[in-house]
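A.B. asks: Have a look at this prediction, sequence included:
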Amino acid sequence: MNITPSQIKLWPHSPNRRFEPVVYFAWAILTGLAAHRIALYLLLMHLYGFSRVRSEHLYFVSIRKGYDWIVSNGDHVDDWGKALHFLIIAGVWPVLFLTTFFIIRHFLPERKDTNAA
């Protein structure tokens, strides 16, 4: 059974699409920033509950390295909260990135053949 290169279009054997490395890197950064914001909100919901976060409009006032994070109601989040924030990001980012990147990859143009001879 001979398989020609034009018949192989499935994921493990397909070549990179045009501009894929650039889009991959940029999209990884953007979804990382989005996952950071989502994780902050989920951390507040874990600490205070959904209804209290919504009714009191809680948000982080200060997120500085080496210091406790300050919430808008005056509470401080210590190192355990920061570790939980990291774990939330570690769970949210891959899901967010992988589900959206394959959709974006589908719309990228195919790579041009360099050896036409």
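C.D. replies: Yep, it's here.
A.B. asks: and residue 77, what is it in contact with?
C.D. replies: Residue 77 makes contact with 43, 47, 60, 68, 69, 70, 71, according to CB atoms under 8 Å, 6 or more residues apart in numbering. Placement of C-beta: from N, CA and C, glycine included.
A.B. asks: Correct me if wrong, but residue 81 is in a helix.
C.D. replies: Yes. Per DSSP: H, G, I helix; E, B strand; the rest coil, residue 81 lies within a helix segment.
A.B. asks: Check it and give its pLDDT.
C.D. replies: Confidence at residue 81, expressed as pLDDT, is 92.
A.B. asks: So it sits against residue 47, correct?
C.D. replies: Yes. The criterion here is CB atoms under 8 Å, and residue 81 meets it with residue 47 at 7.0 Å.
A.B. asks: which residues in the chain form helices?
C.D. replies: In the chain, the helices defined using DSSP state H lie at 20-48, 50-56, 79-107.
A.B. asks: Contacts for the shortest one next, please.
C.D. replies: The reference is to helix 50-56. By CB under 8 Å, 6+ apart, helix 50-56 touches 41, 44, 45, 48, 58, 72, 73.
A.B. asks: Of those, keep whichever come out buried.
C.D. replies: Neighbour counting by 16 or more other CB atoms under 10 Å classes 44, 48, 58 among the contacts of helix 50-56 as buried.
A.B. asks: What residue, apart from its backbone neighbours, is nearest the first one spatially?
C.D. replies: Right, residue 44. Counting by CB to CB, 6 or more residues apart in numbering, residue 44 lies nearest to residue 53, which is 5.0 Å off, once chain neighbours are set aside.
A.B. asks: Cheers, nothing more for now.
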